[in-house]
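1. Next come a sequence and a model predicted from it.
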Amino acid sequence: DGGITQSPKYLFRKEGQNVTLSCEQNLNHDAMYWYRQDPGQGLRLIYYSQIVNDFQKGDIAEGYSVSREKKESFPLTVTSAQKNPTAFYLCASSPRDRARNQPQHFGDGTRLSIL
Amino acid sequence: SQQGEEDPQALSIQEGENATMNCSYKTSINNLQWYRQNSGRGLVHLILIRSNEREKHSGRLRVTLDTSKKSSSLLITASRAADTASYFCATDDAGGTSYGKLTFGQGTILTVHP
């Protein structure tokens, strides 16, 4: 079955450490997205990519970095510059369609905590 | 900043009752989408309504859109305990070239008691 796989499910970060969250999709979607969700809150966009080798900052990109070397993969690195990284991170993908009427498909998230 | 504001923040009902959630937004949109999130899981797409549509149905779900008031509502009829989840509206804002970029509301937590 096609879908989005995020790993790991739980991740712990030490002070000063960079950590990378994995997101892989086999839906053949061009566009991929990273969101951050804090308790009781909606989703905030960190980065998005509409095509391989291209990505754009979202609303809260500071302290994060991404790469998009393959269509299937869009890893997110939480750097030591992100001072409050504890959150639930969600990856999503969608077709890149001129009609712009496409839903996003989500993975099951990675919960990141500070040790 | 969040485009969508949802109301109520939390809703508690009995099985069999209807649940209505509302979403307001600020700018012109291309479409509005509703998603569901079970605790600790990712979001699942429920329904998409385009800016030129006023009402859409899918099973027990009914969505309305009033672009003049910049608001939408999600109605779940004959609710079940399994409908317990958080529900989010998300807008695809008109204009620009960022295909599919969504802005999410804060969500409504629905609890359906057996």
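-> Structure received.
2. can you confirm residue B:82 is in a helix?
-> Yes - looking at residue B:82 with DSSP: H, G, I helix; E, B strand; the rest coil, it is inside a helix.
3. what sits against it?
-> The contact partners of residue B:82, taken as CB atoms under 8 Å, 6 or more residues apart in numbering or on different chains, are residue B:112. Heads up, the C-betas are built off the backbone N, CA and C, glycines and all.
4. Closest to the centroid, which residue in chain A?
-> When CA atoms, centre = their mean is applied to chain A, the residue found nearest the centroid is residue A:34 (2.7 Å).
5. Relative to chain B, how far out is that residue?
-> In this view, residue A:34 and chain B are 12 Å apart by CB to the nearest CB, to the nearest Å.
6. element containing that residue?
-> Using DSSP states H and E, the element containing residue A:34 is strand A:31-37.
7. on that earlier part again, surely the residue nearest to the centre of chain A touches residue A:43?
-> No - counting by CB atoms under 8 Å, residue A:34 stays clear of residue A:43, with 9.9 Å between them.
8. ok so, going back, mind giving me the packing neighbours of the helix or strand just after the strand holding residue A:34?
-> Downstream of strand A:31-37, the first helix or strand assigned by DSSP H and E is strand A:43-51. Using 3 or more CB pairs under 8 Å, 6 or more residues apart in numbering or on different chains; DSSP states H and E, the elements in contact with strand A:43-51 are strand A:31-37, strand A:54-57, strand A:64-66, strand B:102-104.
9. Show the average pLDDT along strand A:43-51.
-> Averaging pLDDT along strand A:43-51 gives 94.
10. What residues sit buried inside that strand?
-> For strand A:43-51, a neighbour-count test (16 or more other CB atoms under 10 Å in any protein chain shown) marks A:43-50 as buried.
11. Perfect, that will be all.
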